[in-house]
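Peer 1: coordinates only, sequence not included:
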């Protein structure tokens, strides 16, 4: 009976590292410890590479737009080979965002939900829902 709890705890820790180590701290070098080489982002934006390389592009793009970007992990749920994390994201728009929005200097905070399928202790697939409209509105870009 200890194995399922251990698996859930490991999945939750992985989701937390994806949010904090990768995005909040910008630790790109941690990617091989966090995601499979053939990682699939089911919400991949046009022009973003597939796989681990694409996730690196996304991290760099977010941190370019928001150099002070931070996630606060609100809650995580894990079951079987899947983990869901609810986060609050925030940052000050100080650089080019999504390759198209020039800096506004404004601060924004919004919610996001990320769902990962775990394989061999690494994130293999991702689905996400973000309040992009709320973020864009707060930045004065809508």
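Peer 2: Nice, thanks for sending it over. These numbers come from a predicted model, not from an experiment.

Peer 1: find the least confident helix or strand in this structure, judged by mean pLDDT.
Peer 2: The weakest-scoring helix or strand in the chain, judged by mean pLDDT, DSSP states H and E, is helix 2-17 (a mean of 84).

Peer 1: give me the mean pLDDT for whichever helix or strand comes after that helix.
Peer 2: As assigned by DSSP states H and E, the chain's next helix or strand after helix 2-17 is helix 31-34. On average, the pLDDT along helix 31-34 is 97.

Peer 1: tell me what angle the helix or strand following helix 31-34 forms with helix 2-17.
Peer 2: Counting by DSSP H and E, the next helix or strand C-terminal to helix 31-34 is strand 35-41. Counting by axes from the mean of the first three to the mean of the last three Cα atoms, to 10 degrees, strand 35-41 lies at 70 degrees to helix 2-17.

Peer 1: let me know the next secondary structure element after strand 35-41.
Peer 2: Trace forward from strand 35-41 with DSSP H and E and the next one is helix 51-65.

Peer 1: what sits up against that following helix?
Peer 2: Contact with helix 51-65 is made by 22-23, 26, 28, 31-32, 35-41, 44-45, 48-49, 69, 91, 93-99, 101, 103, as judged by Cβ atoms under 8 Å, 6 or more residues apart in numbering. From N, CA and C alone the C-beta is placed, and that goes for glycine too.
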